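Student: Structure for this input, please:
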Amino acid sequence: MKKILILFLAIVTVNLCTFLYAQEEYIPLPDVAGDPDLATAAKPVQPFTLRYGGWITPVVIDQRTTDTDLMTSITTARVWLSSTLWANASLYVRVKDSFLAVIREQDVNIDNTSNVFDLDVASVTIPVMKNKVRLILGRKYYVTGAGLVLNGRGDGGEVQLYSKYGDLKAFGMYSGLLNKDDNPYGLSSRDIADGAKRIFAGAQYSKDFLFNNTFYLYGLMEIDKQDEEANIKSTYDAQYIGAGVKGVVSDSLSYYAEYVYQMGTSYATIVPGVQEESDIKAMAVLAGLRYFIKAAYRPLINLQYAYGTGDEDATSYSNATGNTLDDDTRFMYFGTFLGGFALRPQLGNLHVIRPGIGFSPFYDGGDRIKAMNLVLYYTYYMKDKKESPISGGDAPLPESFVGQGVDLMLRWPVYYDFSFFANYGLFLPGDAYPSGTPERHFIMAGVNIVF
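Tutor: So this is what the prediction gives:
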């Protein structure tokens with residue numbers, strides 16, 4: 001009876017919190033995976049043991065494109081609280097406040113200041129059958145595969161099953177109660193998808209093999225529940241089937257690869273006011289290798305490849321009605337793809353090749369400075385269908401070569417609770433842009449303070 005009462009109170013708390021405001025996760029670093037406090041919060045101790053903490057991330061961003069010039073500061077603060085309930089059951093709640101201030105702007109329609117306070121995450125984890133089954137209810141991050149198809153927050157539930165035959169998870173969630181972020185930079189597709197009225201349901205099976213390697217299969221269904229304008233069909237219902245493998249070949253070499261096939265229905269705008277239902281037939285591929293060299297200065301070599309199909313007659317890869325004729329072969333998704341700071345493209349109608357190198361420039365320095373890391377990426381962009389643009393209309397000319405980019409990233413964990421980071425991105429337009437199109441620059445710097 002006591003457990004039932006505790007469970008009831010936890011679920012009520014989570015359900016009440018889901019009606020508060022929430023916004024999209026802002027990503028200051030390209031390689032951030034998960035939350036720094038979750039590992040600590042997940043360790044069970046005595047029932048009703050409270051833990052709390054948080055972090056604050058002030059960031060300054062300067063972006064210059066063909067027609068715009070925007071410099072802002074974004075300060076994001078998060079505070080979390082966790083409580084054990086009974087034998088491995090736990091409650092986790094986190095709130096977020098994000099304050100944006102415009103330092104300089106030219107030809108950009110944006111408020112000078114804005115502040116968003118949300119419920120970021122609120123979930124209860126319930127173990128069943130000696131932790132072989134876990135039930136997670138509430139607002140949390142739902143991730144499918146490598147995170148390309150789906151990697152975002154929602155309100156719902158997830159069941160996780162662990163066995164010697166493999167691991168299985170199934171979930172359902174609704175994203176319409178989230179509040180859209182004020183982030184003007186669109187660092188990932190989640191900045192666009194967050195807050196939309198969509199229902200997601202999915203399942204994923206994974207099995208470890210040869211020690212540190214994992215094979216997985218998944219399926220995902222998305223149902224668009226947005227409010228349509230009169231006489232304009234704009235719903236986008238998609239289904240995804242994917243398979244992938246990831247792991248460690250040796251102490252120095254790791255890898256990942258994923259294939260996704262997309263199906264569903266969208267509406268093609270034949271001419272203004274005339275629409276036809278289209279079948280979605282698209283696909284994507286992700287692959288990568290990372291090799292650490294056991295030598296001074298900790299060098300590493302990184303190689304990434306990504307591909308999303310295009311459509312010859314499409315006008316946009318960020319608009320559900322961007323198809324204009326026949327089948328819709330644009331690959332579109334609800335997860336995260338980071339393909340360069342300055343261009344930041346959607347992975348549709350695009351081949352992206354990114355070799356990179358990294359090292360610790362002060363490897364022989366003191367304890368503090370030798371932890372600094374530098375990573376350099378070169379990126380080559382090429383269209384899948386040269387007749388179509390990319391993203392929301394970039395690279396409009398019927399040429400295959402989109403351009404090339406350079407990204408430089410600095411990471412310096414000065415102390416365990418204080419770190420500095422800086423990112424620079426440069427994009428040089430290719431033949432798919434009109435002659436004389438200037439390059440794009442992106443600069444971001446900030447600190448992360450954990451308390």
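Student: How about residue 72, nearest residue that isn't a chain neighbour?
Tutor: Closest residue to residue 72 apart from its sequence neighbours, by Cβ to Cβ, 6 or more residues apart in numbering: residue 102 at 5.3 Å. In short, each C-beta sits where N, CA and C put it, glycine included.
Student: What of residue 396?
Tutor: That would be residue 389: by Cβ to Cβ, 6+ apart, it lies 4.8 Å from residue 396.
Student: measure the one you found to residue 342 for me?
Tutor: With the distance defined as Cβ to Cβ, to the nearest Å, residue 389 ends up 17 Å from residue 342.
Student: now residue 159
Tutor: In terms of Cβ to Cβ, residue 159 sits 41 Å off from residue 342.
Student: Check residue 317 too.
Tutor: Taking Cβ to Cβ, one finds residue 317 at 18 Å from residue 342.
Student: Between these two, tell me which one has more neighbours.
Tutor: residue 317 (28 against 22; other Cβ atoms under 10 Å).
Student: So the more buried one: helix, strand or coil?
Tutor: coil (DSSP: H, G, I helix; E, B strand; the rest coil).
Student: And for residue 345?
Tutor: Quick answer, by three-state DSSP: residue 345 is coil.
Student: residues contacting the residue nearest to it when sequence neighbours are not counted?
Tutor: Of all residues not flanking residue 345 in the chain, residue 391 sits nearest, at 5.0 Å (Cβ to Cβ, 6+ apart). Contact analysis of residue 391 by Cβ atoms under 8 Å, 6 or more residues apart in numbering lists 316-318, 345-346, 348.
Student: So among those, where is pLDDT lowest?
Tutor: By predicted confidence, the contacts of residue 391 are weakest at residue 318, whose pLDDT stands at 86.
Student: what's the nearest residue to it if we skip its chain neighbours?
Tutor: residue 392 (4.5 Å).
Student: Which helix or which strand is home to that neighbour?
Tutor: Per DSSP states H and E: residue 392 is located in neither a helix nor a strand.
Student: Model confidence at it, what's the number?
Tutor: Per the predicted model, pLDDT is 90 at residue 392.
Student: For it, list the residues it contacts.
Tutor: 316-319, 346.
Student: So what pairs up with the closest residue to residue 207 other than its chain neighbours in the strands?
Tutor: With Cβ to Cβ, 6+ apart as the criterion, residue 207 has its nearest non-adjacent residue at 3.8 Å, and that residue is residue 166. Legend: beta-bridge partners of residue 166 under DSSP bridges are residue 163.
Student: swap in residue 406?
Tutor: In beta-bridge terms (that is, DSSP bridges), residue 406 pairs with residue 378, residue 426.
Student: hang on, the earlier thing: shouldn't the residue nearest to residue 396 be in contact with residue 402?
Tutor: No. Applying Cβ atoms under 8 Å as the test, residue 389 and residue 402 come out as separate, 9.5 Å apart.
Student: residues shared between the contacts of these two?
Tutor: Joint contacts of residue 389 and residue 402 (Cβ under 8 Å, 6+ apart) are 395, 432.
Student: Settle it for me: which of these two has more neighbours?
Tutor: Counted by other Cβ under 10 Å, residue 389 and residue 402 do not tie: residue 402 has more neighbours, with 30 against 23.
Student: could I get the longest strand along the chain in CSV with only the CA atoms?
Tutor: For the chain, the longest strand by residue count, based on DSSP state E, is strand 253-271. C-alpha atoms of strand 253-271 as CSV (Å, rounded to 0.1, in the frame of the first residue of the first chain):
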residue,chain,number,x,y,z
LEU,A,253,39.2,2.4,-33.0
SER,A,254,35.4,3.0,-32.7
TYR,A,255,32.7,3.2,-35.3
TYR,A,256,29.0,3.6,-36.1
ALA,A,257,26.7,3.1,-39.1
GLU,A,258,22.9,3.5,-39.6
TYR,A,259,20.5,3.1,-42.5
VAL,A,260,17.0,4.6,-42.4
TYR,A,261,14.1,4.1,-44.8
GLN,A,262,11.2,6.6,-44.6
MET,A,263,7.6,6.1,-45.6
GLY,A,264,4.3,8.0,-45.1
THR,A,265,2.2,10.6,-46.7
SER,A,266,2.5,14.4,-47.3
TYR,A,267,0.8,16.9,-49.6
ALA,A,268,2.4,18.2,-52.8
THR,A,269,1.6,21.8,-53.7
ILE,A,270,1.2,21.4,-57.5
VAL,A,271,0.3,25.1,-58.0
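Student: Show me what that strand is packed up against.
Tutor: Secondary-structure packing of strand 253-271 (3 or more Cβ pairs under 8 Å, 6 or more residues apart in numbering; DSSP states H and E): strand 237-248, strand 274-279, strand 282-292.
Student: mean pLDDT lowest for which of those strands?
Tutor: Among those, strand 274-279 scores lowest, with a mean of 90.
Student: quick check: angle from that one to strand 253-271?
Tutor: 150 degrees (axes from the mean of the first three to the mean of the last three Cα atoms, to 10 degrees).
Student: Flag every buried residue along strand 274-279.
Tutor: 275, 278 (16 or more other Cβ atoms under 10 Å).
Student: For that strand, list the C-alpha coordinates in PDB.
Tutor: Provided in PDB are the C-alpha atoms of strand 274-279 (Å, rounded to 0.1, in the frame of the first residue of the first chain):
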ATOM      1  CA  VAL A 274      -4.000  22.900 -55.700                       C
ATOM      2  CA  GLN A 275      -2.600  20.000 -53.700                       C
ATOM      3  CA  GLU A 276      -2.300  16.200 -54.100                       C
ATOM      4  CA  GLU A 277      -1.500  13.500 -51.500                       C
ATOM      5  CA  SER A 278       2.000  12.100 -52.000                       C
ATOM      6  CA  ASP A 279       3.700   8.900 -50.900                       C
END
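Student: what's it packed up against?
Tutor: Strand 274-279 packs on strand 253-271, going by 3+ Cβ pairs under 8 Å, 6+ apart.
Student: Show me which residues of the strand it packs on are buried.
Tutor: Those would be 254-256, 258-260, 262, 264-269, for strand 253-271 by 16+ other Cβ under 10 Å.
Student: Next: stretch 304-317.
Tutor: For stretch 304-317, the neighbour count (16+ other Cβ under 10 Å) marks 304, 306-311, 313-317 as buried.
Student: try stretch 111-127
Tutor: Buried-residue list, stretch 111-127, by 16+ other Cβ under 10 Å: 116-127.
Student: Quick check: end-to-end length of stretch 424-436?
Tutor: Using Cα to Cα, to the nearest Å, one end of stretch 424-436 lies 23 Å from the other.
Student: Repeat that for stretch 227-234.
Tutor: 9 Å.
Student: That stretch - what's its average pLDDT?
Tutor: Per-residue scores along stretch 227-234 average to 79.
Student: Can you lay out the buried residues of strand 253-271 as JSON lines showing pLDDT and distance to residue 196?
Tutor: Formatted as JSON lines, those follow (pLDDT from 0 to 100; distance: Cβ to Cβ, whole Å):
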{"residue": "254", "pLDDT": "96", "distance to residue 196": "34"}
{"residue": "255", "pLDDT": "97", "distance to residue 196": "33"}
{"residue": "256", "pLDDT": "97", "distance to residue 196": "28"}
{"residue": "258", "pLDDT": "98", "distance to residue 196": "24"}
{"residue": "259", "pLDDT": "98", "distance to residue 196": "26"}
{"residue": "260", "pLDDT": "98", "distance to residue 196": "20"}
{"residue": "262", "pLDDT": "98", "distance to residue 196": "17"}
{"residue": "264", "pLDDT": "96", "distance to residue 196": "15"}
{"residue": "265", "pLDDT": "95", "distance to residue 196": "17"}
{"residue": "266", "pLDDT": "93", "distance to residue 196": "15"}
{"residue": "267", "pLDDT": "91", "distance to residue 196": "16"}
{"residue": "268", "pLDDT": "89", "distance to residue 196": "20"}
{"residue": "269", "pLDDT": "83", "distance to residue 196": "19"}
